[in-house]
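Q: what would the 3D arrangement of this be:
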Amino acid sequence: MEGTTAAELGWKEVHAALEGVARKRAEADWEEAALILHGLRTRVYVHLGFGSYLEYLERLFGYGPKVAGERLRVAQALVELPATGRALREATLTWSAVKEVTRVAVPKTEEEWVRVCKDKTVRQIEELVAGLRPGDLPTDPPRDEARKHVVRFEVQGETFALLRDARGALEREAGHSLSDDDFMMMLARRTLGGPTDEGRASYQIALTVCEDCGKGRQTGHGVDVAVAPEVVEMAKCDAQNVGNPHVGEPGRATQTIPPAIRRQVMRRDGGRCVVPGCRSAAYIDLDHLKARHEGGVHDPDQIVCLCGAHHRAKHRGFLMIEGTVSTGLRFFHADGTTYGGEVSPAAAEVSTLTFQALKKMGYADGEARRGVEAARPHVGEGLVGMLRGALGALAVGEEEASYGEFAA
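A: Below is the predicted model of the structure:
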């Protein structure tokens with residue numbers, strides 16, 4: 001169609017031309033993903049004198065930090081998802097569709113996700129992905145606690161600048177960068193005003209937990225929202241119980257941890273998170289190194305201060321803490337490497353998914369962590385292989401425990 005202007009084309013020719021543009025764009029997106037990942041590995045931004053890779057991408061493509069981060073995330077995901085990458089390259093899926101698919105697809109499920117999503121709009125795929133987690137299939141029922149909630153604000157320039165300053169202050173205090181979720185959580189908790197008395201728990205929010213199924217719901221200014229299991233576990237570590245007025249249990253509020261012990265631990269840890277490198281000292285939670293439902297007691301030697309982000313990471317399986325205060329605490333990433341060291345993203349993901357799967361099967365935190373540790377040699381076999389190894393190790397441990405009781 002050289003020499004022909006767009007205004008001279010009929011609708012059929014216009015459609016064909018737009019299809020060609022869409023195919024070229026999809027292939028360019030695929031090529032860009034591969035090059036973005038290679039650019040990070042070769043540290044191209046360092047050789048050109050830029051302060052960070054995100055700055056380099058912003059200047060090159062005009063991507064803001066969030067868009068650049070998403071592009072990089074998808075590029076890393078496509079390494080493990082070749083079928084999804086082919087779908088992008090062949091324009092079976094658009095970039096926006098692939099961005100959503102990579103949030104939930106894993107090597108074992110990606111073929112099904114590509115098949116189901118190829119004829120859907122981006123909005124339909126967003127609705128399909130909402131409430132699901134990595135490893136779930138499109139046919140799996142969504143989990144209320146996994147569903148993301150979108151928050152958008154339009155603010156004046158000075159408000160935007162203040163938010164950036166607030167984020168910077170919280171990140172400096174924490175000693176590391178914060179995700180949008182962690183930033184908003186810390187900002188809200190700070191605004192709500194934590195307890196001025198070190199003996200009172202940080203959790204002064206209205207959280208209702210079902211005694212039968214253990215699921216929790218939180219009321220936020222008149223809106224009832226399902227929360228993730230780790231939020232319930234965090235609250236159980238260090239909360240104020242006001243009973244359940246719906247079943248006739250209103251009464252005097254009681255602390256999960258006795259106030260005297262809470263003050264002792266807060267003063268011992270300097271009111272700061274004990275994770276190495278974390279400087280957070282705002283809205284600190286107390287965590288039982290051995291969960292209460294596993295026999296943990298209110299022994300200060302087994303209770304430590306954690307910031308909200310690290311407390312949640314521990315209950316999600318991203319962070320492991322071993323030992324006691326008197327014997328020395330040891331901190332590890334999900335893949336078993338020492339905290340702060342070089343982490344294997346693939347091994348960390350499989351280990352975390354195995355931990356979470358064991359928890360869903362009814363295993364307690366300590367048992368799930370022992371299972372993951374025993375299954376380390378199977379990490380290269382993916383989630384199924386590592387889960388099989390963990391279940392085998394836990395089954396052997398249960399048999400030995402039963403035999404010991406019988407022999408006694």
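Q: okay, now the unreliable bits of the stretch 151-300 of the chain?
A: By pLDDT under 70, the low-scoring segments of the stretch 151-300 of the chain are 173-177, 189-255, 282, 293.
Q: what about residue 143, how many neighbours?
A: Using other CB atoms under 10 Å, the number of residues around residue 143 comes to 16. Every C-beta, even on glycine, is put in place using the N, C-alpha and C of the backbone.
Q: wait, it sits on residue 131?
A: Yes. Using CB atoms under 8 Å, residue 143 is in contact with residue 131, at 5.3 Å.
Q: now residue 318: how far from residue 179?
A: 12 Å (CB to CB, to the nearest Å).
Q: of these two, which one has the most company?
A: residue 318 (18 against 10).
Q: might you report the residue contacts of that one?
A: 333-334, 348, 352 (CB atoms under 8 Å, 6 or more residues apart in numbering).
Q: with neighbour count added, can I get these in JSON lines?
A: Below are these laid out as JSON lines (neighbours: other CB atoms under 10 Å):
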{"residue": "333", "neighbour count": "22"}
{"residue": "334", "neighbour count": "24"}
{"residue": "348", "neighbour count": "18"}
{"residue": "352", "neighbour count": "21"}
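Q: residue 363 contacts residue 371, correct?
A: Yes. Contact between residue 363 and residue 371 holds when scored by CB under 8 Å: they sit 6.8 Å apart.
Q: now for these two: what residues contact both?
A: By CB under 8 Å, 6+ apart, the residues touching both residue 363 and residue 371 are residue 394.
Q: ok, the two, which is more surrounded?
A: For residue 363 versus residue 371, the count of surrounding residues by other CB under 10 Å is larger for residue 371: 25 against 18.
Q: look up how far residue 351 lies from the more buried one.
A: 10 Å.
Q: got it, and residue 361?
A: Where residue 351 is concerned, residue 361 sits at a distance of 16 Å (CB to CB).
Q: show me which of these two is the more surrounded one.
A: More neighbours surround residue 351 than the other of residue 361 and residue 351, with 28 against 14 (other CB under 10 Å).
Q: I figured the more buried one was touching residue 317, is that so?
A: Yes. Contact criterion CB under 8 Å: residue 351 and residue 317 qualify, at 7.3 Å.
Q: so what's in contact with these two at the same time?
A: Residues touching both residue 351 and residue 317 (CB under 8 Å, 6+ apart) are 334, 372.
Q: show me the domain layout of the chain.
A: 6-137, 159-333, 345-407 (automatic domain parsing).
Q: quick one: closest of those to residue 153.
A: domain 159-333 (8.3 Å; CB to CB).
Q: hmm, back to that, what is in contact with residue 318 and residue 179 at once?
A: With CB under 8 Å, 6+ apart, residue 318 and residue 179 have no common neighbours.
Q: tell me the buried residues in stretch 326-346?
A: 331-336, 339, 343 (16 or more other CB atoms under 10 Å).
Q: dump these into a markdown table; add pLDDT, distance to residue 87 and secondary structure as well.
A: Output for those, formatted as a markdown table (pLDDT from 0 to 100; distance: CB to CB, whole Å; DSSP: H, G, I helix; E, B strand; the rest coil):
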| residue | pLDDT | distance to residue 87 | secondary structure |
| --- | --- | --- | --- |
| 331 | 91 | 40 | strand |
| 332 | 89 | 36 | strand |
| 333 | 89 | 32 | strand |
| 334 | 88 | 29 | coil |
| 335 | 87 | 29 | coil |
| 336 | 88 | 34 | coil |
| 339 | 86 | 37 | coil |
| 343 | 78 | 29 | coil |
